[in-house]
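Visitor: following is a predicted model, sequence given first.
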Amino acid sequence: MRAVVTGVAGFIGSHLAERLIKDGHDVVGVDSFTPYYSVSIKESNIEELNRSPRFRLIRSSLLGIDLDSLLSDVDLVFHLAAQAGVRASWGNHFRDYTRFNVEATQELLEAAKGKGLSRFVCASSSSVYGEVTQLPVTEEHPLKPVSPYGVTKLAAEHLCGIYAKSFGVPVVSLRFFTVYGPRQRPDMAIHKFIAAALKGQPVEVYGDGMQTRDFTFVKDVVDGCMLAATNNPKSIPYNIGGGSRITVNDLLHLLERILDMSIKVTYIDKQRGDVTHTHSDCGLAKSDFGYSPKHTLEEGLFEEAAWLRELCD
Ligand code: UGA
């Protein structure tokens with residue numbers, strides 16, 4: 001099959017494109033290499049892909065190319081391009097969030113109309129829930145994002161819903177829960193914690209460290225995308241999580257054991273836009289397209305630590 005992956009040089013996009021190539025598909029990847037984090041990291045994410053004759057890169061923003069031709073003769077679309085980052089979405093930066101998360105999604109959906117795609121998978125986020133009143137959270141929980149980022153991801157989900165309903169675009173939105181693993185973005189907790197520990201520097205914890213996260217290993221997220229693309233999900237949002245939760249303090253204890261070193265911690269103020277707890281109920285994704293997470297947090301942390309050890313050498 002022919003697949004388009006947007007955000008292909010990013011953390012999740014690059015892993016997904018590699019899996020598609022491995023499974024025998026042709027991939028056109030689009031990425032604008034925005035400088036939200038080091039462009040050289042994104043370049044190294046696609047080194048392996050660039051060696052494949054079945055991979056083609058379009059180096060541009062989605063807002064700057066002919067999306068109609070991009071989606072011609074394509075079977076699968078994986079829309080992962082986004083302005084990421086919960087805590088950075090306040091203030092003047094919000095314009096990037098509306099352009100990349102809302103406008104670009106609408107333009108891609110518009111181009112997807114009538115193309116006969118077999119699936120359009122759109123990356124959403126656990127941040128659409130906001131502060132949850134029941135854990136683990138199911139897809140029926142009220143959606144009250146507490147960060148500008150979450151507001152744009154929710155808007156994108158709604159756009160997906162109406163393009164499915166009004167034009168039959170076969171869209172499925174997947175709500176990813178704090179994804180981690182090799183190539184994780186450098187602004188995210190696990191990457192920052194391991195990198196600081198390896199350099200002997202203290203880590204900064206926001207708040208008292210008692211907040212919890214459902215961390216999801218990137219290979220499980222890739223599995224979730226592939227299963228949603230090749231089975232018959234409904235055109236609704238689904239949770240794609242790791243299925244358990246841990247406090248940030250306990251995560252640090254686990255990292256101390258895995259890295260075999262002690263980690264110095266500085267506690268600073270809780271950050272605006274951060275939710276207190278996340279924990280996914282993935283029952284719906286399991287029953288509708290067979291998703292269930294396979295990797296324990298410990299296994300995943302070992303892999304991310306090995307990758308960062310090599311990177312920091
Ligand atoms: C992550 C991603 O950054 C979002 O793009 C994604 O949409 C979201 O997951 C999601 O699940 O929807 P976040 O959960 O904030 O957002 O991920 P991390 O940056 O890994 O933070 C995890 C926890 O560690 C948070 O409670 C945060 O407050 C804490 N943290 C983070 C620290 O205590 N110190 C840090 O230096 C960084």
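Guide: That came through fine. All of these numbers come straight from a predicted model, not from anything done at the bench. Numbers count the residues shown, from 1 in each chain.
Visitor: all strands for the stretch 51-200 of the chain, in order.
Guide: 55-59, 76-79, 119-125, 171-176, 179-180 (DSSP state E, counting those that start in this stretch).
Visitor: can you redo those as TSV with mean pLDDT?
Guide: As requested, those are exported to TSV (pLDDT from 0 to 100):
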stretch	mean pLDDT
strand 55-59	98
strand 76-79	98
strand 119-125	98
strand 171-176	98
strand 179-180	98
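Visitor: those strands: which one's closest to residue 2?
Guide: Closest to residue 2 of the strands of the stretch 51-200 of the chain is strand 76-79 (CB to CB; 7.4 Å). C-betas here are computed from N, CA, C, even on glycine.
Visitor: pairing partners for the closest one, with directions?
Guide: Paired with strand 76-79 in the same sheet, following DSSP bridges, are strand 2-6 (parallel), strand 119-125 (parallel).
Visitor: wait, which of those is closest to the ligand?
Guide: Counting by CB to the nearest ligand atom, the ligand lies closest to strand 119-125 out of those; the figure is 3.3 Å.
Visitor: and the angle from that closest one to strand 171-176?
Guide: 30 degrees (axes from the mean of the first three to the mean of the last three CA atoms, to 10 degrees).
Visitor: show residues contacting strand 119-125.
Guide: Strand 119-125 has contacts (CB atoms under 8 Å, 6 or more residues apart in numbering) with 7, 12, 75-80, 82, 105, 109, 112, 149-150, 153-154, 156-157, 160, 169-176, 225, 228-230, 237.
Visitor: that one close to the ligand?
Guide: Yes. Judged by CB under 6 Å from any ligand atom, strand 119-125 comes into contact with the ligand at residue 125.
Visitor: how far out from the middle of the chain is that strand?
Guide: Put simply, strand 119-125 sits 10 Å off its chain's centre (CA atoms, centre = their mean, to the nearest Å).
Visitor: output that strand as CSV, nothing but the C-alphas.
Guide: Output in CSV follows, covering the C-alpha atoms of strand 119-125 (Å, rounded to 0.1, in the frame of the first residue of the first chain):
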residue,chain,number,x,y,z
ARG,A,119,-7.9,5.0,6.4
PHE,A,120,-6.9,8.4,7.7
VAL,A,121,-5.3,8.0,11.2
CYS,A,122,-5.1,11.3,13.1
ALA,A,123,-2.9,11.7,16.2
SER,A,124,-4.7,13.2,19.1
SER,A,125,-3.7,13.4,22.7
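Visitor: now residue 50: how far from the ligand?
Guide: Using CB to the nearest ligand atom, to the nearest Å, residue 50 is found at 25 Å from the ligand.
Visitor: same check, this time on residue 102
Guide: 15 Å.
Visitor: that residue reaches residue 154, doesn't it?
Guide: No. Taking contacts as CB atoms under 8 Å, residue 102 lies outside contact range of residue 154: 9.8 Å.
Visitor: more neighbours, those two?
Guide: Remark: of residue 102 and residue 154, residue 154 carries more neighbours, 23 against 20, as counted by other CB atoms under 10 Å.
Visitor: name the nearest residue to that one, sequence neighbours excluded.
Guide: Using CB to CB, 6 or more residues apart in numbering and skipping residues adjacent in sequence, the residue nearest residue 154 is residue 128, 4.4 Å away.
Visitor: residues contacting the one you found?
Guide: If you count contacts by CB under 8 Å, 6+ apart, residue 128 has them with 143, 145, 150, 153, 154, 157, 175, 237.
Visitor: from those residues, which is closest to residue 32?
Guide: Closest to residue 32, out of all of the contacts of residue 128 and judged by CB to CB, is residue 153, at 18.3 Å.
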